[in-house]
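Novice: structure, please.
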Amino acid sequence: MGSQPHLVAGLLVGTVLGVALFRGVPVGPLIAAGIISLFIGKS
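Specialist: Residues are numbered from 1 along each chain as shown. So this is what the prediction gives:
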């Protein structure tokens, strides 16, 4: 993960947003994976 810091940032942001929006259900990594795949797909 040290060579891909955008993945770490995406996982952190996705985890925080997912837990906040879904009241503690840990779906953040799934949300982050979807968001990151959009960014990677465009580059």
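Novice: so where is the chain shaky, pLDDT-wise?
Specialist: For the chain, residues meeting the criterion pLDDT under 70 lie at 1-7, 25-26, 28, 41-43.
Novice: residue ranges of the helices in it, please?
Specialist: Assigned by DSSP state H, the helices in the chain fall at 5-21, 28-42.
Novice: any chance of the ones you listed in a markdown table, with mean neighbour count too?
Specialist: For the C-beta atoms, the positions are set from N, CA and C on the backbone; glycine is no exception. As requested, the helices of the chain are exported to a markdown table (neighbours: other CB atoms under 10 Å):
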| stretch | mean neighbour count |
| --- | --- |
| helix 5-21 | 14 |
| helix 28-42 | 13 |
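Novice: next up, phi/psi of residue 22, please.
Specialist: Dihedral pair for residue 22: phi -110, psi 20, per degrees, to the nearest 10.
Novice: that one and residue 35, how far apart?
Specialist: In this view, residue 22 and residue 35 are 15 Å apart by CB to CB, to the nearest Å.
Novice: again, but for residue 27
Specialist: As judged by CB to CB, residue 27 and residue 35 stand 12 Å apart.
Novice: and for residue 8?
Specialist: Between residue 8 and residue 35 the computed distance is 13 Å (CB to CB).
Novice: try residue 13
Specialist: On the measure of CB to CB, residue 13 and residue 35 end up 8 Å apart.
Novice: residue 18 now?
Specialist: Applying CB to CB, the value for residue 18 to residue 35 is 11 Å.
Novice: now residue 14
Specialist: Distance, residue 14 to residue 35, by CB to CB: 6 Å.
Novice: same check, this time on residue 17
Specialist: From residue 17 to residue 35 the distance is 9 Å (CB to CB).
Novice: cool, and residue 15?
Specialist: Using CB to CB, residue 15 is found at 12 Å from residue 35.
Novice: residue 19 too?
Specialist: For residue 19, the distance to residue 35 equals 15 Å [CB to CB].
Novice: now swap in residue 24 and tell me
Specialist: To residue 35, residue 24 is 20 Å away according to CB to CB.
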